[in-house]
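S.K.: sequence first, then the predicted structure:
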Amino acid sequence: MNLVAVLITGLFAGGISCAAVQGGLLTGLITRQQGARESAETGATRSESRSWRGQLGDDLAPVTGFLAGKLAAYTLLGGLLGALGGVVQLSPAARTWLQIGAGLLIVTFGLAQLGVPGFRRIVVEPPASWTRLVRNRTRSQAALAPALLGVATVLLPCGVTLSMEALALASGSPWQGAAIMAVFVIGTSPLFAILGYAARKAATLWRGRLVAATGIAVIATGLYTLNGGLELAGSPLAASRIAESLSGTATADPSTTTVTDGQQQVVITASAHGYSPRVAGITAGIPTTLIVRSDGAAGCVRAFVIGDTQTVLPESGDTRIDLGTPTAGTLRYACGMGMYTGAITVT
């Protein structure tokens, strides 16, 4: 699971794509609370000047509460989605197509943000009844109103959020699902706070200048996610396959393969940095066991996918996978998110 890509998606896509609805609600709540507070103050109190630190605290408190509520709600949602994906035991193929779909969604919203013809009118909007429900929360003058509003925005997902939710579901793990949504919300926080809480006119002045840059960034992260799905699917359009066709097939490393008493074993090492060797070589027609030797395996490296089988690797130790009696060809494998790949050449 590449949380860096999720963070970048949130940083560049979340604020721009979600601020139109959620940012407006937050600004409306802050304006109402500020007006009510000033109306309640006496003339003498209003005339007193507050220190810049006090003013800064007043300015940051609402948006901090809002983002805290949003983080809690989306983290819980991600955990539930991940647990659901684990309970229904999505097959590697189903998770692959979910990831491909999530990548296509992100790319689509990036093209829409750039105003590409045919995409510019694509906008994901919640039902009007949901919008009214959440907007009613802004009438509350309670101290926790911003946090409650942040929790309520789980009912108003933007398009990029939907793609992150698809990734959380595809993870099949409550912990990974929660991490995906939490990191995404953290990524949205800086830009979201600026666009949603800073002076609306000031935000409008430079927001337009970000459209092209953020649109390109969104498309890049979408393509990265999409490529992971293509790698899992073994598509000839995957980056590794295209690189192979341009540079030629890498030479297989036979050094980790042994044959004893008519049984063949090939060892692949899984670490936090991926798998090695990238291309191993074995002989066709011999019963073969693949040994995946975990050496500090972490992240999506631990979700080892080969063919239609996914095996969860330990952080350290050996995992044995029966490959049967392979015929000539290529057995490709990847981590659960398609970030790290490799192949076993059978000759």
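M.R.: Yep, it's here. Numbers count the residues shown, from 1 in each chain.
S.K.: need the contact partners of stretch 231-250.
M.R.: Residues external to stretch 231-250 that are found in contact with it (CB atoms under 8 Å, 6 or more residues apart in numbering): 92, 95-97, 99-100, 227, 230, 278-279, 305, 332, 334, 336-339, 341, 345. Placement of C-beta: from N, CA and C, glycine included.
S.K.: please pick the buried ones from those.
M.R.: By neighbour count, with 16 or more other CB atoms under 10 Å, those hold 92, 95-97, 99-100, 227, 230, 279, 305, 332, 334, 336-339, 341, 345 as buried.
S.K.: hang on, isn't Ile268 packed against Thr341?
M.R.: No: Ile268 is not in contact with Thr341 according to CB atoms under 8 Å; the separation is 11.7 Å.
S.K.: what is in contact with those two at once?
M.R.: Any residue near both Ile268 and Thr341 by CB under 8 Å, 6+ apart counts here, and that gives 275, 333.
S.K.: mind checking how far Ser294 is from Pro314?
M.R.: In this view, Ser294 and Pro314 are 5 Å apart by CB to CB, to the nearest Å.
S.K.: any common contacting residues for the two?
M.R.: Residues touching both Ser294 and Pro314 (CB under 8 Å, 6+ apart) are Arg302.
S.K.: out of the two, which sits in the busier spot?
M.R.: Counting neighbours by other CB atoms under 10 Å for Ser294 and for Pro314 shows that Ser294 has the greater number, 19 against 12.
S.K.: A strand includes that one, no?
M.R.: Yes: counting by DSSP: H, G, I helix; E, B strand; the rest coil, Ser294 is part of a strand.
S.K.: tell me how far it lies from Lys70.
M.R.: Using CB to CB, one gets 36 Å for the distance from Ser294 to Lys70.
S.K.: and Leu104, by the same measure?
M.R.: Plainly put, Leu104 is 26 Å away from Lys70 if you go by CB to CB.
S.K.: the more surrounded of the two?
M.R.: When neighbours are counted by other CB under 10 Å, Leu104 and Lys70 differ, and Lys70 comes out ahead with 25 against 16.
S.K.: excluding its backbone neighbours, what's nearest that one?
M.R.: Counting by CB to CB, 6 or more residues apart in numbering, Lys70 lies nearest to Gly150, which is 3.6 Å off, once chain neighbours are set aside.
S.K.: can you pull the contacts of that neighbour?
M.R.: The neighbourhood of Gly150, defined by CB under 8 Å, 6+ apart, consists of 65-73.
S.K.: need those residues in a markdown table with secondary structure, pLDDT and distance to Ala170, can you?
M.R.: Shown next, in a markdown table, are the contacts of Gly150 (DSSP: H, G, I helix; E, B strand; the rest coil; pLDDT from 0 to 100; distance: CB to CB, whole Å):
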| residue | secondary structure | pLDDT | distance to Ala170 |
| --- | --- | --- | --- |
| Gly65 | helix | 80 | 31 |
| Phe66 | helix | 80 | 28 |
| Leu67 | helix | 83 | 26 |
| Ala68 | helix | 88 | 27 |
| Gly69 | helix | 87 | 26 |
| Lys70 | helix | 87 | 22 |
| Leu71 | helix | 91 | 21 |
| Ala72 | helix | 92 | 23 |
| Ala73 | helix | 91 | 20 |
